[in-house]
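1. Let's see this in three dimensions:
(chains A and B)
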Amino acid sequence: MNFKILKKSKLSNARLGLIETSHGVVETPCLVTVATQATVKTLTSEEIEQVNSPMLIANTFHLHIKPGEQFLKKAGGIHKFMNFNRPMMTDSGGFQVFSLGFGRDHGVGKILKQAHDAEVTVNQKPKHIKITQDGVYFKSPVDGRPLFIGPRESIKIQQDIGADIIFAFDECTSPVANHEYTKRSLEKTHAWAKICLQVKTSNQALFGIVQGGKYKDLRIESAKFMASLPFDGFGIGGEFGDDKRQMPKMLDWVIKELPEKKPRHLLGVGHLDDMEKMIKCGVDTFDCTAPTHYARRGVAFTSEGKLIMRTQKYLKKLEPLDKNCVCQVCLNYTKAYICHLLRAGEITALRLITFHNLHYFNAYVANIREKIKRGEI
RNA sequence: GCGGUCGUAGUGUAGUGGCCUAGCACAGCGCUCUGUGGCAGCGCUAGCGGGAGUUCGAAUCUCCUCGAUCGCC
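-> Here you go, the predicted structure:
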């Protein structure tokens, strides 16, 4: 992988760049489309290209469970397996330490909407997983058999999967973790980061992940630590405070410490109203489930806002989801048809909305790139 | 015309005298979803066909009435 910076904004920390890999070149900033189980749910790989998704991120934990990295390696790697020839990333499994651990216990996501009673303290242990100095014991959601993933295992799996960019194994901490817990967790994440660098033998790009929760001292410490290591780029993980309006401030703490010449990936954040703020902080790539996840709940993103397509008010609307959109769904199908399909329980509705949402999100980011190009942000 | 069975939210149903200010499912409406769980979670709206009686108390018992359905003439 090679990263080139084409332009730096004079108004903000935003920048235009190119990530070059053996599977092609990606213009940044860009949204990385989520393909956890080697698929963008409901779409074929040909369709992923049609919605202009430049890069995908799959998941180590899920692919380890099925079909297994040994098989993926035999199949010629993930690109060949899923017939997708653009750049790909794999997430390390570190997010599952949170989502299957304290996140599940407390029913919280990585971004808190409001104050929460729960607190993660240093002596607390998650109910369903076990975190040790060496890694994490999970139970397979398929058959309950024990799974162990640490930095060595994660890198090994990611090498076999064969994405262009891989991530160091980390512990994504809960937004309700206190300072002491987060500090201890950070020590593990840092130790694991070094191990990841040591054990990697492939020529894949390896990104270290900055953690530290909402705590300024820890975020800065983590960013400095990761920056001191020979990573090819950086992930910014974990949570962003009790209120996502704080996110730009927290990104500033971190990005200030990261080397300018290397790409920065913001993990798991990217609602439409977040994008410009993040990009102005200097984020190059980011991934988010919103376009695809909302699509499967029947919600379409348009220039008129979020449309809940199941409601009966769309049953008779013989017009496209978005009049300004040029995607194949908007050119060929109506709200009435999509509404009918949703209410009839037909899976094609989910496909059509997924296709449109991704096209819409990708166009939205492309527009932000244009703004940087024109010197507007 | 006679006899039987049955009428509970939009739909399908639970409930056979007090634990029913009537439960559930789907539908409707609203909210949630950010390193992903397609068909989810939470909330709201909405009903005992109508009337009279028995009873301390009726969706539940009695009578009348309306409607559905089956059988017989």
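
2. tell me the SS of the residue of the stretch 201-350 of chain A found nearest RNA strand B?
-> Closest residue of the stretch 201-350 of chain A to RNA strand B, CB to the nearest atom of the strand: A:Gly268 (2.2 Å). Where you see a C-beta, it was placed from the backbone N, CA and C, and this is true even at glycine. What DSSP: H, G, I helix; E, B strand; the rest coil gives for A:Gly268 is coil.

3. For it, grab the count of nearby residues.
-> The number of residues packed near A:Gly268 is 24, by other CB atoms under 10 Å.

4. In contact with it, which residues are there?
-> A:Phe95, A:Lys110, A:Gly237, A:Phe286, A:Asp287, A:Cys288, A:Thr289 (CB atoms under 8 Å, 6 or more residues apart in numbering).

5. now those: which count as buried?
-> Among the contacts of A:Gly268, those classed as buried by 16 or more other CB atoms under 10 Å are A:Phe95, A:Lys110, A:Gly237, A:Phe286, A:Asp287, A:Cys288.

6. Name the nearest of the residues you listed relative to A:Ile131.
-> A:Phe95 (13.6 Å; CB to CB).

7. Phi first, then psi, for the closest one.
-> Dihedral angles of A:Phe95 (phi, psi; degrees, to the nearest 10) stand at phi -70, psi -30.

8. All the strands of the stretch 201-350 of chain A, in order from the start?
-> With DSSP state E, counting those that start in this stretch, the ranges of strands along the stretch 201-350 of chain A come out as A:205-210, A:233-236, A:264-266, A:285-288, A:299-302, A:305-308.

9. Given the fourth one, what are its sheet partners and their directions?
-> When pairs are called by DSSP bridges, strand A:285-288 turns out to pair with strand A:30-34 (parallel), strand A:264-266 (parallel).

10. Return the most buried member of the ones you listed.
-> Mean neighbours per residue, mean count of other CB atoms under 10 Å, is largest over the strands paired with strand A:285-288 for strand A:264-266, with a mean of 28.

11. can you give me the mean pLDDT across it?
-> Rounded to a whole number, the mean pLDDT of strand A:264-266 is 98.

12. Are it and RNA strand B in contact anywhere?
-> No: figure legend: strand A:264-266 not in contact with RNA strand B (CB under 7 Å from any atom of the strand); closest approach 8.8 Å.

13. quick one: the lengthiest helix in chain A to strand A:30-34, angle?
-> Ordering each helix of chain A by length in residues (DSSP state H) puts helix A:348-373 first. Angle, helix A:348-373 to strand A:30-34, by axes from the mean of the first three to the mean of the last three CA atoms, to 10 degrees: 160 degrees.

14. Could you list every helix and strand in contact with helix A:348-373?
-> Contacts defined by 3 or more CB pairs under 8 Å, 6 or more residues apart in numbering; DSSP states H and E place helix A:348-373 against strand A:15-21, strand A:30-34, helix A:45-50, helix A:272-281, helix A:290-295, strand A:299-302, helix A:328-332, helix A:335-343.

15. returning to that earlier point: and the buried ones among the contacts of A:Gly268 as a markdown table, adding pLDDT and distance to RNA strand B?
-> A markdown table is the format used below for the buried ones among the contacts of A:Gly268 (pLDDT from 0 to 100; distance: CB to the nearest atom of the strand, whole Å):
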| residue | pLDDT | distance to RNA strand B |
| --- | --- | --- |
| A:Phe95 | 94 | 3 |
| A:Lys110 | 86 | 5 |
| A:Gly237 | 95 | 3 |
| A:Phe286 | 98 | 8 |
| A:Asp287 | 97 | 5 |
| A:Cys288 | 96 | 5 |
